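Q: my questions are about this predicted structure, shown below with the sequence.
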Amino acid sequence: MYNKSDIELKVAEFLLQIKAIKLQPNNPFTWASGWKSPIYCDNRITLSHPQVRTYIRQKLAQAIQEEFGSVDVIAGVATAGIPQGVLVAQELGLPFIYVRAKAKEHGTGSLIEGEVVEGQRVVVIEDLISTGKSSLQAVEALRAAGLSVAGLAAIFTYGFEKADENFAAAKCRYLTLSNYGALIDYAAEHSIIAKSDMELLSKWRLNPSGWGQGQALGSES
Ligand SMILES: O=P(O)(O)OC[C@H]1O[C@H](OP(=O)(O)OP(=O)(O)O)[C@H](O)[C@@H]1O
Ligand SMILES: O=C(O)c1cc(=O)[nH]c(=O)[nH]1
């Protein structure tokens, strides 16, 4: 049986343990959306840890079966969603395709790689959702190619309202194994993140799109 809150906390624990969660308030990360952020969740590091990547692969596969039912093909979002998607496709014994951020400019000129079969039911695999823009760009490409998108599954979401709005507008369901709330709960319970950083994260989380703009870095108030 798939117990969501246990999985949310277990994945958060793994991400902290393997140092996939990075904090750099004084040297903020620039996200794909252009937002500046004191935190970065690098799910790519899970690939270097067989125990962690196996857990993620198995739990994503289980969640997909429970939430989305029968599926014909798994699609990965380039680049970080590709290896995770391959692992899930292997676990489920399904074909795999992937969606590039933009069409290849030489060779086949493809936007989607692999065997694209119109009418197939696909689940899209992403590593992480911030605004959801990268994920939904892949969803739209798959729909434009004639596939039916059952939903999207990712390892982690920041749980931003913006992402929920974007997925709702695109009429696309999504699930994630873990999220920012679970990460903060786990870190607080086990005193993993320093109090000063926890306070900074609380302020950041109130206005993530505006954080780091027009203020001295590391001293936002
Ligand atoms: O929800 P969003 O606001 O779109 O942000 C999340 C996206 O950002 C990251 O990809 P990135 O573009 O950094 O590239 P990569 O996957 O090639 O590493 C991540 O892998 C997601 O695809
Ligand atoms: O929004 C992003 O670009 C992003 C944020 C994050 O924490 N991790 C990541 O891989 N991408």
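A: Nice, thanks for sending it over. Ligands and ions are numbered 1, 2, ... in the order given.

Q: centroid-nearest residue for this protein?
A: Central residue of the chain (Cα atoms, centre = their mean): Leu128, 1.5 Å from the mean position.

Q: report the secondary structure state of the closest residue to that residue other than its chain neighbours.
A: Closest residue to Leu128 apart from its sequence neighbours, by Cβ to Cβ, 6 or more residues apart in numbering: Phe156 at 4.9 Å. For the C-beta atoms, the positions are set from N, CA and C on the backbone; glycine is no exception. Secondary structure state of Phe156, per DSSP: H, G, I helix; E, B strand; the rest coil, is strand.

Q: run a quick neighbour tally on Phe156.
A: Each residue near Phe156 was counted by other Cβ atoms under 10 Å, and the total is 27.

Q: how far does the longest helix along the chain sit from its chain's centre?
A: Longest among the helix segments of the chain by residue count, using DSSP state H, is helix 50-68. How far helix 50-68 lies from its chain's middle: 13 Å, per Cα atoms, centre = their mean, to the nearest Å.

Q: got the buried residues for that helix?
A: Burial within helix 50-68, assessed by neighbour count using 16 or more other Cβ atoms under 10 Å, is assigned to Val52, Arg53, Tyr55, Ile56, Arg57, Lys59, Leu60, Ala61, Gln62, Ala63, Ile64, Phe68.

Q: ok, stretch 16-28 next?
A: Under the neighbour-count criterion of 16+ other Cβ under 10 Å, stretch 16-28 has Leu16, Ile18, Ala20, Ile21, Leu23, Pro25, Pro28 buried.

Q: what is the neighbour count of the nearest residue to Ala101 once chain neighbours are set aside?
A: Excluding its sequence neighbours, the residue lying closest to Ala101 (Cβ to Cβ, 6+ apart) is Ala78, at 5.5 Å. Neighbour count of Ala78, defined by other Cβ under 10 Å: 16.

Q: and the gap between Ala78 and Lys203?
A: 33 Å (Cβ to Cβ, to the nearest Å).

Q: if we can go back for a sec, what's the longest helix of the chain packed up against?
A: helix 4-17, helix 81-92, strand 121-129, strand 148-157, strand 174-179 (3 or more Cβ pairs under 8 Å, 6 or more residues apart in numbering; DSSP states H and E).

Q: closest one to Ala32 among those?
A: strand 121-129 (9.3 Å; Cβ to Cβ).
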